[in-house]
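Asks: The amino acid sequence is not available; the structure is as follows:
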């Protein structure tokens, strides 16, 4: 199994259920792992793998759509990756809201999700 990792992606977006979040936005950190079994070893051509640049563009585009729940964001990104990249067998995604609107809290909040192609 080969894993493609996109680590510590920082994007600004307007996700959240509170009006303040929708208006002001927040920074989010994403980590994505996509697993697949290459048909040829060693992998010598991009067509035999998953283009992480294309994955990044997909994620960036989806993050630009304001959404109340991070659960919705991660599940939709996972489904879209499996639909767009035929080689992808499993996707793991975590997203952290870097500055949650919780009075007195120092830290972040986050969501993780894994989806296997067999469950689509």
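Replies: Looks like it came in fine. Bear in mind that the values here come from a model prediction, so they are computed numbers and not experimental data.
Asks: and the helix-or-strand element of the chain with minimal mean pLDDT, what does it pack onto?
Replies: Using mean pLDDT, DSSP states H and E, helix 19-24 stands out as the lowest-scoring helix or strand of the chain, at a mean of 90. Helix 19-24 is packed against no helix or strand, with contacts defined by 3 or more C-beta pairs under 8 Å, 6 or more residues apart in numbering; DSSP states H and E. Backbone N, C-alpha and C define where each C-beta goes, glycine included.
Asks: Just give me the longest helix of this protein.
Replies: The longest helix of the chain (DSSP state H) is helix 70-84.
Asks: any idea how far the most far-flung residue of the chain relative to its centre is from residue 18?
Replies: Distance from the centre of the chain peaks at residue 104, with 27.9 Å (C-alpha atoms, centre = their mean). Residue 104 is 16 Å from residue 18, where distance means C-beta to C-beta, to the nearest Å.
Asks: just residue 5 next, same as before
Replies: The value you get for residue 5 to residue 18, if C-beta to C-beta is used, is 32 Å.
Asks: could you point out which element follows the least confident helix or strand of the chain?
Replies: Note on helix 19-24: by DSSP states H and E, the next helix or strand toward the C-terminus is strand 26-36.
Asks: and the angle for the helix or strand that that following strand is followed by with strand 26-36?
Replies: Counting by DSSP H and E, the element after strand 26-36 in chain order, helix or strand, is helix 52-63. Helix 52-63 runs at 140 degrees relative to strand 26-36, counting by axes from the mean of the first three to the mean of the last three C-alpha atoms, to 10 degrees.
Asks: Check which residues of helix 52-63 are buried.
Replies: 55, 58, 59, 62, 63 (16 or more other C-beta atoms under 10 Å).
Asks: Tell me the one of those nearest residue 90?
Replies: Among these, residue 55 lies closest to residue 90 (C-beta to C-beta), at 13.6 Å.
Asks: Give me the pLDDT value at the closest one.
Replies: On pLDDT, residue 55 comes in at 98.
Asks: Fine, thanks again, bye for now.
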